[in-house]
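Colleague: just coords:
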């Protein structure tokens, strides 16, 4: 009886097959995602503070910048890993370096929000991007022809963009938003440029699962943050009566968000780079809005106990606006491709409109929004069952 020889600790970083069966997320990828929760939680906490203090516009702007940095670093790793993860010792070590960069970035979130000081965030990015570029160089060493060119373009694009991000820590505060927008365009241009002659072998089902797992983590962080807010409000202010409607409405909203996101098989839409890029890029707003729902629930809690300097309507809007955006984006990016008939197509857009109307319910706005979410799921399930039953009868 022969035994299988142990795998070498360092192996060529060659591309994996798109047709690989039973491709799922690895323990290293799950660990990577969990470490990103630290950065997401920091961004959400700072957004709560900004909105509660009446600085919603500034808070949302800085939240958008910080969350893009978090999401883009996660996305770069995820798509690379889908195509090239060989799980050898060197790959794991470099991934740990990227995780360290994420934690450095998370440590700088508060300074970025409060003082517009992005140095620590930039430093964390330097660590992550150098590690990522080294992975692409490893892939280039193990490939040839058009694939090698693609890998070298990625490595060069990552490092050039990282040099560009340096301007964010050097320019005056008034110029920072313009530098950020320019760098977003540059970053988003790297994948289409790198893959214009050769497509990396990302795995559609694996990518859909990875995005789904990160969505679950963001929604889980939303529940955790909202739970802590309600717990603190009850312990410090004995405001159970004021907080129960917010807690119930918030929980219903998050349950509905999970249900609506996962009700369709997203991987079936990921057939070409064009479809994948649009779907993948669009998740910046899906994930940012999902995380903002939790921040909004915390704002509503603080307003209910008198700690937030905003009105009932503004506190409700902190929940209803990101919730409506989440529904519209999930519908636009993948749900609408699986809907049959006008009635099914209108469910999520109409629900988003109803959520916006809930803003004007004031202190009852979050509960009303939660009920809208629950009704939306119920209507969707009923229409799907009706369509399936009719199809069976016709067959």
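Modeller: Nice, I can see it. From a predicted model like this one, the values you see are computed outputs, not experimental measurements. Residues are numbered from 1 along each chain as shown.

Colleague: which one is residue 83 nearest to, not counting chain neighbours?
Modeller: Spatially, and ignoring its direct neighbours in sequence, residue 83 is nearest to residue 200 (4.2 Å; CB to CB, 6 or more residues apart in numbering). Any C-beta I mention is one placed from the backbone N, CA and C, and that applies to glycine too.

Colleague: Please apply the same query to residue 356.
Modeller: residue 324 is the one closest to residue 356 (CB to CB, 6+ apart), at 5.2 Å.

Colleague: okay but the one you found is in contact with residue 352, surely?
Modeller: Yes: with contact defined as CB atoms under 8 Å, residue 324 reaches residue 352; the gap is 4.1 Å.

Colleague: Have a look at those two and say which one is more surrounded.
Modeller: Counted by other CB atoms under 10 Å, residue 324 and residue 352 do not tie: residue 324 has more neighbours, with 25 against 21.

Colleague: so who does the more buried one touch?
Modeller: By CB atoms under 8 Å, 6 or more residues apart in numbering, the residues touching residue 324 are 352, 353, 355, 356.

Colleague: any idea whether the third one is helix, strand or coil?
Modeller: It refers to residue 355. Recorded secondary structure, residue 355: helix (DSSP: H, G, I helix; E, B strand; the rest coil).

Colleague: quick one, what contacts residue 69?
Modeller: Residue 69 touches 105, 121, 125, counting by CB under 8 Å, 6+ apart.

Colleague: Run a quick neighbour tally on the second one.
Modeller: Okay, so that is residue 121. By other CB under 10 Å, neighbour count at residue 121 equals 24.

Colleague: ditto for the first one
Modeller: Residues contacting residue 105 under the criterion other CB under 10 Å number 29.

Colleague: Pretty sure it sits against residue 39.
Modeller: Yes: at 5.6 Å, residue 105 counts as touching residue 39 under the criterion of CB under 8 Å.

Colleague: Now the common contact residues for the two.
Modeller: Joint contacts of residue 105 and residue 39 (CB under 8 Å, 6+ apart) are residue 70.

Colleague: picking up where we left off before, of the contacts of residue 324, which is the most crowded?
Modeller: residue 355 (28 neighbours).

Colleague: All the helices of the protein, residue numbers only.
Modeller: 27-52, 56-84, 89-107, 109-115, 119-141, 145-165, 176-194, 204-237, 240-262, 273-304, 312-333, 341-358, 365-394 (DSSP state H).

Colleague: can you give me how far the second one is from the chain middle?
Modeller: Meaning helix 56-84. 7 Å (CA atoms, centre = their mean, to the nearest Å).

Colleague: Now do it and helix 89-107, the angle between them.
Modeller: 180 degrees (axes from the mean of the first three to the mean of the last three CA atoms, to 10 degrees).

Colleague: Report the rounded mean pLDDT for helix 56-84.
Modeller: Average pLDDT, helix 56-84: 90.

Colleague: Kindly report the same for the longest one.
Modeller: Taken as a whole, helix 204-237 carries a mean pLDDT of 83.

Colleague: same for that helix, what does it pack against?
Modeller: Judged by 3 or more CB pairs under 8 Å, 6 or more residues apart in numbering; DSSP states H and E, the packing partners of helix 204-237 are helix 27-52, helix 56-84, helix 240-262, helix 273-304.
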